[in-house]
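Visitor: I would like to see how this sequence folds:
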Amino acid sequence: MLEVDDVLSRLRRHPDVEAVNLYAVDAADRLLLDVAADALAAAGSGRVAIVDDGYGALTLGAIAAHDLRDVRVHQDLLTGELALANNARAVGLADRYSAETLGPGLLAGVTVVLLRLPRMLAGLAEIADAVARYAAPEVEVFAGARDKYLTPAMNEVLAESFASVRASRGRQKSRILLASGPRPLGEPPYPVRRQLDEIDLEVVAHGAAFSGPKLDIGTRFLLDHLRRMKPDASDAVDLGCGTGILAVALAKARPHITVVGTDQSAAAVASARATAVANDVADRVCVLRDDAMTGLADRSADLVLCNPPFHVGAAVHTGSAIKMFGQAGRVLRPGGELWTVYNTHLNYRGVMQRMVGRTEIVSRNAKFTVTRSVRGLHDTPPEPGNTDS
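Guide: Presented below is the predicted three-dimensional model:
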């Protein structure tokens, strides 16, 4: 049997951003495995589910420690799902688990759930509801995070779905919340729907989707410039589409345009698809779960819209945004346009100028900057992975 420490030491984040201050395993992962050890051993194969395992530490650590099989795993982020697959192949455990969507296929008959606590309370509420709704009545939930990301509200959210919620002793600035005793539940609370009258659009949102059913203030600022975005575009991409507001707004404003929305979040993809259906543009809005447009062909779009993230997981880091800009340079046709809104202090203009083409500031307010980058007619953009200045 594999040694747990050996397995954990071999984990990598790829294809997610890798940097000296970003890790594939941390103290919260190790504490979760230790606190849940007896429950995992008692549960045995086919009775364990793992949710939002960052890069495979929980899945592969539990399998190695207890010789488990038929572990069911749900990861909202595609990069985490791909990293787990890569790491499982590297340590010879790829046949011990299956990737599942959040629902009965993941949770039916499960008696132990390991969970990395999401920072969004709505995401935690949807997960907790699903576990209480579909798992075995005797299910035990072990939910962990670093202390700096734990809030009393997390206990309250778990208590809405479970009769017992308590905290473990802390270790290395990490702590575990233990929940059991599923409560009787009514109708599933997610997805939620909201009519956004200011843009005449109905948004549908699952719990883990960024900004939920609200109109994010950066997206609102970018929407102010919708009419100016390459008027002759026929193929557009909403890169990091979230709930699909940009993609759907563009499709509604231009009856002859086709829009592809991409996001690596499973919750975002489900939300965006539902938002397109709710606004009667599903015939022209296609939503893909994809890592920064890596699945789209070179020179296949006239217009890319992007409200990029400024963090990777819990760490403030620009690596994800830079990867997105590099892919935009590859996917845009010559003369195509990238329209971006970002926090002004991040000063992305130089990066976009280098990776896409001539970049101008279109508008700026107290917090955000909107830019327009034009893919040169003869430019060959740098490889997306090459982000050196």
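Visitor: which phi and psi does the closest residue to Pro104 other than its chain neighbours have?
Guide: In this structure, Pro104 finds its nearest non-sequential neighbour in Tyr134, 4.5 Å apart by Cβ to Cβ, 6 or more residues apart in numbering. Just so you know, the C-beta spots here come from the backbone N, C-alpha and C atoms, and that holds for glycine as well. With angles defined as degrees, to the nearest 10, Tyr134 sits at phi -110, psi -20.
Visitor: Tyr134 and Arg47, how far apart?
Guide: 13 Å (Cβ to Cβ, to the nearest Å).
Visitor: what residues do the two have in common as contacts?
Guide: Common neighbours of Tyr134 and Arg47, counting by Cβ atoms under 8 Å, 6 or more residues apart in numbering, are Val110.
Visitor: in stretch 151-159, what's buried?
Guide: Using 16 or more other Cβ atoms under 10 Å as the test for burial, stretch 151-159 gives Met154, Val157, Leu158.
Visitor: The most centrally placed residue in the chain pairs with what?
Guide: A centroid search over the chain (Cα atoms, centre = their mean) returns Ser265, at 3.4 Å, as the residue closest to the centre. Per DSSP bridges, the residues bridged to Ser265 are Leu77.
Visitor: Surely it and Asp76 touch.
Guide: Yes - using Cβ atoms under 8 Å, Ser265 is in contact with Asp76, at 5.3 Å.
Visitor: quick one: common contacting residues for those two?
Guide: By Cβ under 8 Å, 6+ apart, the residues touching both Ser265 and Asp76 are Ala208.
Visitor: Tell me how many other residues crowd the residue lying closest to Asp238 once chain neighbours are set aside.
Guide: Nearest residue to Asp238 in three dimensions, chain neighbours excluded: Ala247, at 3.7 Å (Cβ to Cβ, 6+ apart). The tally of other residues near Ala247 (other Cβ atoms under 10 Å) stands at 29.
Visitor: contacting residues around Ala132?
Guide: Applying Cβ under 8 Å, 6+ apart to Ala132 gives the contacts Val139, Ser161, Phe162, Pro182, Arg183, Leu185.
Visitor: Recalculate using a threshold of 6 Å.
Guide: Ser161, Pro182, Leu185 (Cβ atoms under 6 Å, 6 or more residues apart in numbering).
Visitor: show me where the stretch 1-150 of the chain has strands.
Guide: All strands of the stretch 1-150 of the chain, identified by DSSP state E, counting those that start in this stretch, fall at 48-51, 71-74, 97-99, 112-116, 140-146.
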